[in-house]
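>>> everything below, folded, please.
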Amino acid sequence: MKNKFTSFIILLVIIITSSCNEHDKSVILLSKSEHKKNVIFQTPLADFYFEKKGLIDYCKKENNGEPNDFTYPQIIKYITEYGKNPVIIPDTLGTKMEIEKEVMFNQSDSLIRVRDHEHPYRFITDDIRWAIISFAEKGKLRIFHKESDKFLDTIIIDKVDTDWYGETNITLTNDSIFFSKRRWIK
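Predicted coordinates:
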């Protein structure tokens, strides 16, 4: 009982303090259901579990049918290629390693990850990142946080809007960011 009360107080403080700045924070309770037909989007910090049918329905809804909007049909194609098996999508899908000087025209010999324009699924991870935000806002997502080695029960969606940029962050209740997506920039 003491842990629940402490958690409630922490969440209340976060909500009150977030109303005083350019952050719009929402506390979200996540789904605890086990999805039998998972799509798992993997990042270095967390794994995001979607129910396969739910993600396909989302992609169908978001697809505007214009010729330049090809990523949502590609996501559906990629997911359905696996049939009934779970689908694992690394955040590095459609990328490759390049020597930085070949990409940025400088003298560094560092390897960097860039979009592989030859890869058939080079853009789908961008739109899956938008899906993560949409599903998280509704609590219809399971998130395995790798550092804590557990599925999260509660997250905070933090929408930041300044004069220069807008982004959405997903954080732990201690405000540690583990997912971020830029929405706009001037």
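
>>> are we agreed that Trp56 is in a strand?
Trp isn't right for residue 56; it's Ile. No. Assignment of Ile56 by DSSP: H, G, I helix; E, B strand; the rest coil gives helix, placing it outside any strand.

>>> and the strands in this protein, which stretches?
23-29, 38-42, 46-51, 87-90, 95-99, 111-115, 142-145, 150-151, 154-161, 165-171, 177-185 (DSSP state E).

>>> looking at those, which is closest to Glu66?
When the strands of the chain are compared by Cβ to Cβ, strand 177-185 sits nearest Glu66, at 20.3 Å. For glycine as for every other residue, the C-beta is placed from the backbone atoms N, C-alpha and C.

>>> and that closest one, which residues are buried?
178-179 (16 or more other Cβ atoms under 10 Å).

>>> can you give me the distance of the closest residue to Ile89 other than its chain neighbours to Leu30?
With sequence-adjacent residues excluded and distances taken as Cβ to Cβ, 6 or more residues apart in numbering, Ile89 is closest to Phe41, at 5.0 Å. Counting by Cβ to Cβ, to the nearest Å, the separation of Phe41 from Leu30 is 15 Å.

>>> and Phe123, by the same measure?
Using Cβ to Cβ, Phe123 is found at 27 Å from Leu30.

>>> give me the more crowded residue out of Phe41 and Leu30.
Ranked by neighbour count (other Cβ atoms under 10 Å), Phe41 and Leu30 place Phe41 first, with 24 against 19.

>>> wait, what's in contact with the more buried one?
Neighbour list for Phe41: 47-48, 50, 89, 91, 125, 128, 132 [criterion: Cβ atoms under 8 Å, 6 or more residues apart in numbering].

>>> try it again at 10 Å.
Going by Cβ atoms under 10 Å, 6 or more residues apart in numbering, Phe41 touches 47-50, 55, 87-91, 93, 124-125, 128-129, 131-132, 141, 179.

>>> ok, Asn169 touching Lys159?
Yes. With contact defined as Cβ atoms under 10 Å, Asn169 reaches Lys159; the gap is 8.0 Å.

>>> overlap in contacts of the two?
23, 25, 133.

>>> now these as TSV including pLDDT?
Output for the shared contacts of Asn169 and Lys159, formatted as TSV (pLDDT from 0 to 100):
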residue	pLDDT
His23	79
Lys25	89
Ile133	95
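
>>> weed out the non-buried ones from those.
Burial by neighbour count, 16+ other Cβ under 10 Å: within the shared contacts of Asn169 and Lys159 this picks out 23, 25, 133.

>>> for Glu81, state which of these is nearest.
Closest approach to Glu81 among those (Cβ to Cβ): Ile133, at 24.8 Å.
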